[in-house]
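J.: Test case, fold it:
(one chain, ligands or ions: 2)
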Amino acid sequence: MLIEWKPEFSVGEPILDADHRHLIELLNRFSDDFEPRRSKAATTDNLVKLFSSACKHFAREEAIMQAHAYSNDYVKHYADHQRLLNEVTLMMYEHQYGLMKDSHALAERIQNWFHDHHTTYDARFHLSVHETDGAS
Ligand SMILES: [Fe+2]
Ligand SMILES: [Fe+2]
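T.: Ligands and ions are numbered 1, 2, ... in the order given. Below is the predicted model:
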């Protein structure tokens with residue numbers, strides 16, 4: 001398992017927590033890629049699912065931020081979602097052309113994909129939304 005869900009990952013919105021759990025589940029499937037007999041098609045399929053689920057999740061999260069009139073860091077948060085989608089696209093190309101050979105590098109990349117964004121943006125979103133609710 002590359003990433004384990006922890007209660008502190010919760011952002012206080014059940015639908016977003018469910019999305020984050022689903023993304024973690026998809027990210028953990030990449031640990032199977034370290035198995036020598038894993039087919040190339042299975043990894044491609046997982047990358048496509050990750051891209052699709054991430055698109056849906058980011059759109060939902062952005063809509064909730066807007067509904068809460070959450071303006072702090074909205075643009076940076078949105079831009080980081082685009083960066084994450086670009087990263088998955090890059091991984092698709094690298095996988096297609098056989099450039100993803102180092103399993104340790106891939107594991108670190110997968111972990112960072114979730115943790116860097118979650119720690120920097122989604123975790124702050126929790127605090128800001130509840131501060132905004134309390135102030136209104
Ligand atoms: Fe986010
Ligand atoms: Fe998120």
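J.: Spatially central residue in this structure, please.
T.: Phe114 (4.6 Å; Cα atoms, centre = their mean).
J.: For Glu62, which residues are in contact?
T.: Residues counted as contacts of Glu62 (Cβ atoms under 8 Å, 6 or more residues apart in numbering) are Tyr74, His77, Tyr78, His81. Just so you know, the C-beta spots here come from the backbone N, C-alpha and C atoms, and that holds for glycine as well.
J.: let's go with 10 Å and repeat that
T.: Shown in contact with Glu62 (Cβ atoms under 10 Å, 6 or more residues apart in numbering): Tyr70, Tyr74, His77, Tyr78, His81.
J.: Could you do Asp122 as well?
T.: So Asp122 contacts Phe9, Ser10, Val11, Glu13, Leu16, His20, Glu61, His77, Asp80, Phe114 (Cβ under 10 Å, 6+ apart).
J.: what do you get if the cut-off is 7 Å, keeping everything else the same?
T.: Counting by Cβ atoms under 7 Å, 6 or more residues apart in numbering, Asp122 touches Val11.
J.: Quick check: the gap between it and ligand 2.
T.: To ligand 2, Asp122 is 4 Å away according to Cβ to the ion, to the nearest Å.
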